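Peer 1: Give me the fold of what follows.
(chains A, B, C and D)
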Protein chains: 2
Amino acid sequence: MTSLDDKADTSAANRRDAQRAALLDAASEMLMRGGPDAISLRKLAARVGTSTMSVYTAFGGKEGLIAALFEEAFDRLADAEMAVARPAEPLLWLAELGRAYRRFAIENPSYYALMISVTMPVVETLRHDQPADNETPARHIPSHPSFQILIDAIEACIAEGSFPSGIDALVIADALWATTHGHCSLELAGFYASAETAEARFASASTAILKGFLTSKGLEKLRSL
Amino acid sequence: MTSLDDKADTSAANRRDAQRAALLDAASEMLMRGGPDAISLRKLAARVGTSTMSVYTAFGGKEGLIAALFEEAFDRLADAEMAVARPAEPLLWLAELGRAYRRFAIENPSYYALMISVTMPVVETLRHDQPADNETPARHIPSHPSFQILIDAIEACIAEGSFPSGIDALVIADALWATTHGHCSLELAGFYASAETAEARFASASTAILKGFLTSKGLEKLRSL
DNA sequence: TACGATCCTATAACAGTGTTATAAGAACGA
DNA sequence: TCGTTCTTATAACACTGTTATAGGATCGTA
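Peer 2: Numbers count the residues shown, from 1 in each chain, chains lettered A, B, ... in the order given. So this is what the prediction gives:
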């Protein structure tokens, strides 16, 4: 995994990147194993075969390391979302995206907990624009592919007539996200008695929040699926 | 605050309870100030004027202390829910409960973060029944007043005909909770640009998830409000 | 009231943690 | 090849939660 003594290009920049990747690999493994608190800089450095200082030069400290994992989590989610086959019906696409989101959350609980953690010090991580002076620091998720694909699906539904034509896709996206995330958060917290009821509740909530925005034409289309 | 040298009943049991309460008070203040990580047993003990050992005798350790705060958080939420005046229209009651929930989450962000934290080791805290052997450990929130009042409101809506008569109130309750909690979680995480858009999104999502379950009669009633 | 058992607590030590100063070393450009 | 710059290993600092221990206060009972 960390074979640094290759005869390949062993420039300093490459070795830095390799060690950075090795640190991230080991950190995400420790994250998946025992949650964010299980990431100890000493154990992490020992596993990679270096000292704790490399974490500071590569990431600026533990916060930076977690921030990097944060970005990786969103990238993984985006991969999971983009991996779903796009059906002909936009409403089906939307439903598939929701299921993929839940699947990701359940299969990567530590990463998901990281993404939604309030104490995340990476507010500016996902921003690609300059924040205004008097602006409340927001995370600007909309610029990320994992969110953009959701908006694409919603706009396809609007174009199809399943959602009202004048509506802002962001409003629907935020509502769908709130419901989906809320369910996953509760499920991961152990609030549901079994995985079966959790899945049933997810289906109920998903179709309900969807129906709340559908036009009569969209409702008909939903019934016919 | 911690006047232990009263001439009142100074039995050992009373002093124990008083110190327990003082510890909880100080801990919740530290919690509100800087989040769960800001609770240091040494600083906590110093503030109350005792040593760290009392935390172990009173709560069994830091986990027990956090668990006690966890229970207090749910009690506070229940108080906030029960404080809303019950309107004549059950649908309005439901809406008010949702707003009270969000208000609680925003005004007590640390407590709320505590309640929904995945790493909470207090799974059995809120249970009042014996878990079966092969049962997945669930939190059994439904037995708590803060959840029961939601179910009461939903059943009132069912009785009124706004929700389908055959439906399980728990299904609607879980869906409403998922949406409400999901929005609050995202809002506290800083995903919304401003408090205004956050409030607007909350209103949109709340009415949407509601409409998803309403009967045609309920939809009419909602329009007339 | 006096005694003995029980509980509680203050102190100190243990094993961790993230962070930082320092000094030695490696890699780089000139 | 020299000198600068960057990186790292070591050790120390200031913390954390937890625990063993010894002393003291409290309580039920004679």
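Peer 1: Which positions within whichever helix or strand residue A:146 is part of qualify as buried?
Peer 2: Per DSSP states H and E, residue A:146 falls inside helix A:145-160. Using 16 or more other C-beta atoms under 10 Å in any protein chain shown as the test for burial, helix A:145-160 gives A:146-147, A:149-150, A:152-154, A:156-158. All C-beta atoms are positioned from the backbone trio N, CA, C, and that covers glycine.
Peer 1: Give me the residues contacting the host helix or strand of residue A:55.
Peer 2: Residue A:55 belongs to helix A:53-59 when elements are defined using DSSP H and E. Outside helix A:53-59, the residues that touch it by C-beta atoms under 8 Å, 6 or more residues apart in numbering or on different chains are A:16, A:19-20, A:23, A:41, A:44-45, A:48, A:61-62, A:64-65, A:67-68.
Peer 1: Any of those residues buried? List them.
Peer 2: Buried by 16+ other C-beta under 10 Å: A:19-20, A:23, A:41, A:44-45, A:48, A:62, A:65, A:67-68, out of those.
Peer 1: Roughly how far does residue A:46 sit from DNA strand C?
Peer 2: Going from residue A:46 to DNA strand C by C-beta to the nearest atom of the strand, to the nearest Å gives 9 Å.
Peer 1: Report the mean confidence score over the helix or strand harbouring that residue.
Peer 2: According to DSSP H and E, residue A:46 maps onto helix A:41-48. Averaged over helix A:41-48, pLDDT sits at 95.
Peer 1: try stretch A:216-225
Peer 2: What stretch A:216-225 shows for mean pLDDT is 95.
Peer 1: Just the buried positions in it, please.
Peer 2: Those buried within stretch A:216-225 under the rule 16+ other C-beta under 10 Å are A:218, A:221-222.
Peer 1: Excluding residues flanking it in the chain, which one is nearest residue A:165?
Peer 2: Residue nearest to residue A:165 in three dimensions, not counting chain neighbours: residue A:158, with 6.3 Å by C-beta to C-beta, 6 or more residues apart in numbering or on different chains.
Peer 1: wait, I meant residue A:16
Peer 2: residue A:58 (7.2 Å).
Peer 1: Against DNA strand D, how distant is residue A:82?
Peer 2: Here residue A:82 is placed at a distance of 33 Å from DNA strand D (C-beta to the nearest atom of the strand).
Peer 1: How about the contacts made by that residue?
Peer 2: Counted by C-beta under 8 Å, 6+ apart, residue A:82 has contacts A:145, A:149.
Peer 1: at 10 Å instead, please
Peer 2: For residue A:82, the contact set (C-beta atoms under 10 Å, 6 or more residues apart in numbering or on different chains) comprises A:97, A:100, A:145-146, A:149.
Peer 1: Also residue A:24?
Peer 2: Per C-beta under 10 Å, 6+ apart, neighbours of residue A:24: A:31, A:44, A:48, A:58-59, A:65, A:68-69, A:71-72.
Peer 1: could those residues be laid out in a markdown table, adding distance to DNA strand C?
Peer 2: As requested, the contacts of residue A:24 are arranged in a markdown table below (distance: C-beta to the nearest atom of the strand, whole Å):
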| residue | distance to DNA strand C |
| --- | --- |
| A:31 | 12 |
| A:44 | 7 |
| A:48 | 13 |
| A:58 | 12 |
| A:59 | 9 |
| A:65 | 8 |
| A:68 | 13 |
| A:69 | 13 |
| A:71 | 18 |
| A:72 | 18 |
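Peer 1: biggest separation within the residues you listed, which pair?
Peer 2: A:48 and A:71 (19.3 Å; C-beta to C-beta).
Peer 1: Residue A:147 contacts residue A:81, doesn't it?
Peer 2: Yes - counting by C-beta atoms under 10 Å, residue A:147 touches residue A:81, with 9.0 Å between them.
Peer 1: Can you give me the pLDDT of residue A:24?
Peer 2: 92.
Peer 1: Then residue A:139?
Peer 2: Reading off the confidence values, residue A:139 has pLDDT 53.
Peer 1: Phi, psi for residue A:89 please.
Peer 2: When read as degrees, to the nearest 10, the backbone of residue A:89 gives phi -80, psi 120.
Peer 1: Any figure for the gap between it and residue A:156?
Peer 2: Per C-beta to C-beta, to the nearest Å, residue A:89 is found 9 Å from residue A:156.
Peer 1: hey, what's in contact with both of those two?
Peer 2: By C-beta under 10 Å, 6+ apart, the residues touching both residue A:89 and residue A:156 are residue A:162.
Peer 1: circling back: can you list the helices and strands that the helix holding residue A:146 packs against?
Peer 2: helix A:62-82, helix A:90-107, helix A:169-188, helix A:216-223 (3 or more C-beta pairs under 10 Å, 6 or more residues apart in numbering or on different chains; DSSP states H and E).
Peer 1: Could you identify the helix or strand that succeeds the third one?
Peer 2: Next in sequence after helix A:169-188, counting helices and strands by DSSP H and E, comes helix A:195-211.
Peer 1: quick one, that following helix and helix A:145-160 angle?
Peer 2: 50 degrees (axes from the mean of the first three to the mean of the last three C-alpha atoms, to 10 degrees).
Peer 1: got the CA coordinates for helix A:195-211 in PDB?
Peer 2: C-alpha atoms of helix A:195-211 as PDB (Å, rounded to 0.1, in the frame of the first residue of the first chain):
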ATOM      1  CA  ALA A 195     -34.300  -2.400   9.200                       C
ATOM      2  CA  GLU A 196     -37.600  -3.500   7.600                       C
ATOM      3  CA  THR A 197     -39.600  -0.800   9.300                       C
ATOM      4  CA  ALA A 198     -36.800   1.700   8.600                       C
ATOM      5  CA  GLU A 199     -37.100   0.900   4.900                       C
ATOM      6  CA  ALA A 200     -40.900   1.100   5.000                       C
ATOM      7  CA  ARG A 201     -40.800   4.400   6.700                       C
ATOM      8  CA  PHE A 202     -38.300   5.700   4.200                       C
ATOM      9  CA  ALA A 203     -40.600   4.700   1.400                       C
ATOM     10  CA  SER A 204     -43.600   6.400   3.000                       C
ATOM     11  CA  ALA A 205     -41.800   9.600   3.800                       C
ATOM     12  CA  SER A 206     -40.200   9.800   0.400                       C
ATOM     13  CA  THR A 207     -43.400   9.400  -1.500                       C
ATOM     14  CA  ALA A 208     -45.200  11.800   0.800                       C
ATOM     15  CA  ILE A 209     -42.800  14.600   0.400                       C
ATOM     16  CA  LEU A 210     -42.800  14.000  -3.300                       C
ATOM     17  CA  LYS A 211     -46.600  14.100  -3.500                       C
END
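Peer 1: Okay, buried residues for that helix please.
Peer 2: Within helix A:195-211, the residues that count as buried by 16+ other C-beta under 10 Å are A:197-199, A:201-202, A:204-211.
Peer 1: which residues touch residue A:155?
Peer 2: Per C-beta under 10 Å, 6+ apart, neighbours of residue A:155: A:90, A:163, A:169, A:172-173.
Peer 1: Highest neighbour count among these?
Peer 2: Ranked by neighbour count (other C-beta atoms under 10 Å in any protein chain shown), these have residue A:172 at the top, with 27 neighbours.
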